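Visitor: make a model of this:
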Amino acid sequence: MSADIVAAGNVPATAFLTALARARATDDPDNLLRDPIAARFAELCPTAIRGVTRHTAGAAVVVARTVLIDRMLAELFARESVDTCVNLGAGFDARPFRMAWPAHCQVIEVDSAPVLDLKDELLPAATAGVPVERLRCDLRDTDRLTALLLPRTAGRLCVILAEGLLTYLPQASVGALASAVAGVGMAADWICDVLSPDSARSLTRASQAAGAPLEMHGHTQLTLFEAAGWRCEQLELLPSARLTKAAAGSRAAASSQLLPDSVLRLRRR
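Guide: Below is the predicted model of the structure:
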């Protein structure tokens, strides 16, 4: 393995933490998740980062949301002939490599250059069974994101993934992103996860105590997405969620209610 891979410079701690949680879950025979590719990236996780989620539900949340999103994707693929999957903040996600992926469904992965440069070395796009294109883009630059995605998705039925992304964006940035991706494809589903403010504060404190500070944001209401034309079709609880009226409610949870820690499937038609 080359020295530049070992250095793994400028790769966000979150990318490594996600890979580490998935790799450990895969090694546990009692766990539902099987992601053998995650170990390639987990072994490069710096020692200082490994303790960020210790004494928190962080790793369990990562694994649970991965399993939930896998299931949501499989159900969506079974119902509809999805043309394109846009993975925002793709990190080291390996779904097109490890899942039963529709042969006609192309994948567009969007993330920062350091993340995708490392991914190109450890998991070349050409080794997937479907076309995978990797785009370097700061997801806060929604004008550039839109310019990249619109010509690649025009007239196509799309599913958008944003796993472990929105927690690291403040409310204004999430609103801007929701508006930007609302124009993707002729129709789209958006699968994403959110944390409550309490959970976001807890994980922020844990990361600070571990010496690898991360700033996390809780998002509380569906109006953040509805303002951009998205409606909630499905809400699945994460292990850290508290049982609230919104958590126990249906997919039509009222916008005035607080969102629990959950995975959402939104739809724009």
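
Visitor: apart from its neighbours in sequence, what residue is nearest the residue sitting nearest the centre point of the chain?
Guide: Closest to where the C-alpha atoms of the chain average out (C-alpha atoms, centre = their mean) is Glu163, at 1.1 Å. Distances taken as C-beta to C-beta, 6 or more residues apart in numbering place Ile69 nearest to Glu163, at 5.8 Å, with adjacent residues excluded. Quick note: C-beta positions are derived from backbone N, CA and C, even for glycine.

Visitor: state the distance from that neighbour to Ala60.
Guide: 15 Å (C-beta to C-beta, to the nearest Å).

Visitor: now Phe77: how far from Asp189?
Guide: 11 Å.

Visitor: re the thing from before, wait, the residue nearest to Glu163 sits on Leu165?
Guide: No - contact criterion C-beta atoms under 8 Å: Ile69 and Leu165 do not qualify, at 11.9 Å.

Visitor: residues near Gly229, how many?
Guide: 14 (other C-beta atoms under 10 Å).

Visitor: quick one: pLDDT of it?
Guide: Note on Gly229: pLDDT of 96.

Visitor: can you check Asp193 too?
Guide: In this model, Asp193 is scored at 97, pLDDT.

Visitor: just the one 5 residues further on next, same as before
Guide: According to the per-residue confidence, Asp198 scores 91 in pLDDT.

Visitor: go on, Ala128?
Guide: Per-residue pLDDT puts Ala128 at 97.

Visitor: over to Ala178?
Guide: 97.

Visitor: ok, the nearest residue in space to Cys45 that is not next to it in sequence - how many residues close by?
Guide: Once flanking residues are discounted, Cys45 sits nearest to Phe16: 3.9 Å by C-beta to C-beta, 6+ apart. Phe16 has 24 neighbouring residues, counting by other C-beta under 10 Å.

Visitor: what's the answer for Asp27, then?
Guide: Residue crowding around Asp27 was assessed by other C-beta under 10 Å; the count is 12.

Visitor: so where do the helices sit in the stretch 151-269 of the chain?
Guide: Assigned by DSSP state H, counting those that start in this stretch, the helices in the stretch 151-269 of the chain fall at 171-181, 197-209, 223-226, 245-248.

Visitor: list the helices and strands the third one packs on?
Guide: On a contact count with 3 or more C-beta pairs under 8 Å, 6 or more residues apart in numbering; DSSP states H and E, helix 223-226 meets helix 171-181.

Visitor: hang on, the earlier thing: buried ones in the one helix or strand the residue nearest to Cys45 maps to?
Guide: Taking DSSP states H and E as the criterion, Phe16 maps to helix 13-27. Buried residues in helix 13-27, counted by 16 or more other C-beta atoms under 10 Å: 13-26.

Visitor: over to stretch 80-89?
Guide: Neighbour-count burial for stretch 80-89 [16+ other C-beta under 10 Å]: Val82, Asp83, Thr84, Cys85, Val86, Asn87, Leu88, Gly89.

Visitor: out of those, which comes closest to Arg144?
Guide: Leu88 (12.8 Å; C-beta to C-beta).

Visitor: select the longest helix from this structure.
Guide: helix 58-79 (DSSP state H).

Visitor: packing partners for that helix?
Guide: helix 13-27, strand 157-162, strand 187-194, strand 231-237, strand 262-268.
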